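# With the input below, show me the fold.
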Amino acid sequence: MSFSSVTKNELARVIGRRRCCRIAELAALVKMDGSLQISGGKVSLNLFNHNAAVARKMFILLKDLYGIQAEVMVKKKMRLNKNNVYLVRVPPQEGLAEILVDLGMLDESGLLRSGLHQGLLRTECCRRAYLRGIFLGGGSVNDPGGTYHLELITGNERLAADICRLLKRFKLEARISTRKKWYVVYLKESEQIVKCLNLMSAHTALLEFENTRVVKDMRNRVNRLVNCETANLNKTVNASLRQTENIRLIARTLGMGKLSPSLREVAELRLSYPDASLKELGEMATPPLGRSGVNHRLRKLEQIAEKLRTGGEQQML
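Residues are numbered from 1 along each chain as shown. Sure thing, here's the model as predicted:
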């Protein structure tokens, strides 16, 4: 089961304590998953969702808030992943129009409302419940082991803009992109996703997200350190090979006796200890040298070797 499904299953078990919060969450579910069907002059409400726990929550909220005994049906998709689609249907009945106005599906004139019903978002607890309903209706969140991404998808441009503004009221820097005919409101930063999960009361998912993120960050930090150490080691080995080759060229061509005592000492130490660092070579010198001192003498040896390769005269220092 995906991390997104686990999160939705957890949120589906969260029921708001206050009636206004339960109405706000149901209103968000209706706005994201609902459609009106008119047949014979009568109106029915259909709610579609791919998650059984979310469909069960829709059924419970409709019965708890309005005493509606909805119908629940399961449809099997015949294409792609063939997941089940759950339909919660409210058949035509008296008072349904008033309920749709209460849930923000219709305005007071009986016309479809395209954006959020601001009357449902007066308190912070209701805004949090509405955000939870939006996620259950059309949201998803990636497994934190991969890329950090939480998104809320709707086919209504104004609704997407309203959702984005709602998130920004919680200091969440959401953005909107388009994907075919859909509008995607998304969060990319891990800290923002953690805050969003907390606002929706997905506390178990939040802890799993944080644990995975800590392990992932630690692994990345270790990899960076290993890569850095490997690069430094390769650099040191390559430099040592180049220095040893230079010194052997000088020994074959000029002879070590032609070098000044200070250069000869460093050259002999490098030949004797090819794997030693500059600091270690300096500690073995008499008197001891600093890293910069050893490096300066090795550069002089390299200059002599380059002159020998080009056939120039030697200038012993």
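
# In stretch 274-283, which residues are buried?
276, 278, 281-282 (16 or more other C-beta atoms under 10 Å). Quick note: C-beta positions are derived from backbone N, CA and C, even for glycine.

# With stretch 165-175 instead?
In stretch 165-175, counting by 16+ other C-beta under 10 Å, buried: 166-167, 170, 172, 174.

# Quick check: end-to-end length of that stretch?
10 Å (C-alpha to C-alpha, to the nearest Å).

# And for it, what's in contact with it?
116, 121, 127, 130-131, 134, 163-164, 185-189, 192, 195-196, 199 (C-beta atoms under 8 Å, 6 or more residues apart in numbering).

# make it 6 Å
164, 185, 187, 192, 196, 199 (C-beta atoms under 6 Å, 6 or more residues apart in numbering).

# Can you tell me which of those has the most neighbours?
residue 185 (26 neighbours; other C-beta atoms under 10 Å).

# so that residue, which of the three states?
Here residue 185 is recorded as strand under DSSP: H, G, I helix; E, B strand; the rest coil.

# Would you agree it is in contact with residue 161?
No: between residue 185 and residue 161 there is no contact under C-beta atoms under 6 Å: 8.7 Å.

# Nearest residue to residue 273 in space, ignoring adjacent ones along the chain?
residue 281 (6.6 Å; C-beta to C-beta, 6 or more residues apart in numbering).

# Residue 228: which of the buried residues of stretch 274-283 is nearest?
Nearest to residue 228, judged by C-beta to C-beta, of the buried residues of stretch 274-283 is residue 278 at 18.1 Å.

# residues near residue 301, how many?
With other C-beta under 10 Å as criterion, residue 301 counts 20.

# For stretch 268-280, the averaged confidence score.
Stretch 268-280 carries an average pLDDT of 86.

# residues in contact with it?
240, 243-244, 247, 281, 284, 291, 294-295.

# CA atoms only: put that stretch into PDB for me.
Provided in PDB are the C-alpha atoms of stretch 268-280 (Å, rounded to 0.1, in the frame of the first residue of the first chain):
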ATOM      1  CA  GLU A 268      63.900  10.700  -0.700                       C
ATOM      2  CA  LEU A 269      61.100  10.900   1.800                       C
ATOM      3  CA  ARG A 270      58.500  10.800  -1.000                       C
ATOM      4  CA  LEU A 271      60.200   7.800  -2.700                       C
ATOM      5  CA  SER A 272      60.300   6.000   0.700                       C
ATOM      6  CA  TYR A 273      56.700   6.800   1.700                       C
ATOM      7  CA  PRO A 274      54.600   7.100  -1.500                       C
ATOM      8  CA  ASP A 275      51.300   6.900   0.400                       C
ATOM      9  CA  ALA A 276      52.200   9.500   3.000                       C
ATOM     10  CA  SER A 277      50.400  12.800   3.100                       C
ATOM     11  CA  LEU A 278      52.200  16.100   3.000                       C
ATOM     12  CA  LYS A 279      51.700  16.600   6.700                       C
ATOM     13  CA  GLU A 280      53.200  13.200   7.400                       C
END
